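> need a structure here:
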Amino acid sequence: MKSKEIIISSILSILTGLIAGWIQPYFNNNIWIVLSISTGTFLIIFFFIYYIPRMKSYISMYYVGRFRGLWSKNDLGKLIQREYAKSDEIKIKVTRGYGLFYEKSGVFHKCIFDKKYNEKKILKILLHYPCLKSDHIIKRAITNQKAKEEYVTDLFKVLKLFKEHNLSPNSDERIFVKFYNSEEEKEWRFYVFKQDSEDKILLFNHYDENTTGSKSRMLKVIGGNNSLCEELNNEFDNLFDNYSVELVENLQTSNRLINSDFCEHPSCKQKIIEIHKKIFSY
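Model prediction:
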């Protein structure tokens, strides 16, 4: 128990004792009536002191912060598929997205490759630049129980899959993939679903070193003035437009590698060239 809670409980216990001593003569020293009244008084005071502020904070989260619950597992998957289907533009910021995009069980794989829609969608994706010296890449590789080189290879598999989908005449999406390299942007993974009416939905969470990204729980936030949804949507746009690069040109037929020196590590550049050649040659 926290020190603040201990102090509150101690004060309430003292008050309850005083109340019990004060009312005892009025009930002919009937211990059961005294205990009932003093216990009830304790619970009422405790409720107002401890739970009312907490309830007010939850109400503020709903009306001010515009939070709409913590989602996980099947419920999260259904929510993502529902929001994807009715959105015109989807923005996704993750590290590599292998479990989400490449694996057939991945929720975004189902959205993009297994379903058809009545209109085109714009899909903007931010992935972490495949720098093998990045602490974030190293930690996520450990979490996913992979060597960092294999982790980066998986990232290129995702990139190739997007490239092929972009060039397919049956694609319902125009996919733009860019890579960020800022360690300051590594803490949060999130998705923004935007409808033509400007309505937005945000799903986000903090990276957990013990959980793979595709299996993490996510908080839902709806758009609105000063909403976290709007803040992260703007952060995505700024990062995507100003501080990220393409590795393989998105809408071109060429598979030519570009920006292979974005992290400025010669050893990383050589490994990126090798992995790109390996993945895009078959």
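> Residue ranges in the stretch 1-150 of the chain under the pLDDT threshold?
Residue ranges of the stretch 1-150 of the chain with pLDDT under 70: 1-65.
> now with 80?
Where the stretch 1-150 of the chain drops to pLDDT under 80, the residues are 1-67.
> Now do the helices in it.
Assigned by DSSP state H, counting those that start in this stretch, the stretch 1-150 of the chain shows helices spanning 3-23, 31-46, 52-63, 73-86, 107-113, 135-143, 148-167.
> gap between the two ends of stretch 107-121?
Stretch 107-121 has an end-to-end distance of 16 Å (criterion: CA to CA, to the nearest Å).
> Other residues contacting it?
76-77, 80-81, 84-85, 87-90, 92, 97, 100-104, 123, 165, 172-175, 214 (CB atoms under 8 Å, 6 or more residues apart in numbering). In this view, the C-beta of every residue, glycine as well, is placed from N, C-alpha and C.
> If we go by neighbour counts, what in that stretch is buried?
Of the residues in stretch 107-121, 107-113, 121 count as buried by neighbour count, 16 or more other CB atoms under 10 Å.
> now stretch 94-108
Neighbour counts over stretch 94-108 (16+ other CB under 10 Å) mark 94-102, 106-108 as buried.
> Tabulate these (TSV), appending distance to residue 160.
Converted to TSV, the buried residues of stretch 94-108 look like this (distance: CB to CB, whole Å):
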residue	distance to residue 160
94	17
95	17
96	13
97	13
98	12
99	16
100	15
101	11
102	9
106	15
107	20
108	16
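> of all the residues you listed, which comes closest to residue 188?
residue 94 (9.9 Å; CB to CB).
> Could you tell me which residues make contact with the closest one?
Counted by CB under 8 Å, 6+ apart, residue 94 has contacts 100, 125-128, 189, 213.
> next one: residue 87
121, 193-195, 201.
> Nearest spatial neighbour of the residue nearest the centre of the chain, chain-adjacent residues omitted?
By CA atoms, centre = their mean, the chain has its centre lying nearest to residue 204, at 2.4 Å. Leaving aside its chain neighbours, residue 204 sits nearest to residue 190 (3.6 Å; criterion: CB to CB, 6 or more residues apart in numbering).
> Over to residue 208?
residue 216 (6.2 Å).
> same deal with residue 152?
For residue 152, the spatially nearest residue (CB to CB, 6+ apart) is residue 130, at 4.2 Å.
> same thing with residue 81?
Using CB to CB, 6+ apart, the closest residue to residue 81 is residue 111 (5.7 Å).
> Domain map for the chain?
For the chain, automatic domain parsing gives the domain ranges 3-63, 68-280.
> re earlier: residue 182: which of the contacts of residue 94 is nearest?
residue 128 (9.3 Å).
> That closest one touches residue 180, doesn't it?
Yes - look at residue 128 against residue 180 with CB atoms under 8 Å: they come within range, at 6.4 Å.
> who has more neighbours, the two?
residue 128 (24 against 21; other CB atoms under 10 Å).
> Please report the distance of the nearest residue to that one once chain neighbours are set aside from residue 141.
Nearest in space to residue 128, with sequence neighbours left out and distances taken as CB to CB, 6+ apart, is residue 95 at 4.5 Å. According to CB to CB, to the nearest Å, residue 95 and residue 141 sit 9 Å apart.
> cool, residue 152 as well?
The gap separating residue 152 from residue 141 is 8 Å, by CB to CB.
> And residue 71, by the same measure?
26 Å.
> Which member of the buried residues of stretch 94-108 is positioned nearest residue 235?
Ranked by distance to residue 235 (CB to CB), the buried residues of stretch 94-108 are led by residue 94 at 14.4 Å.
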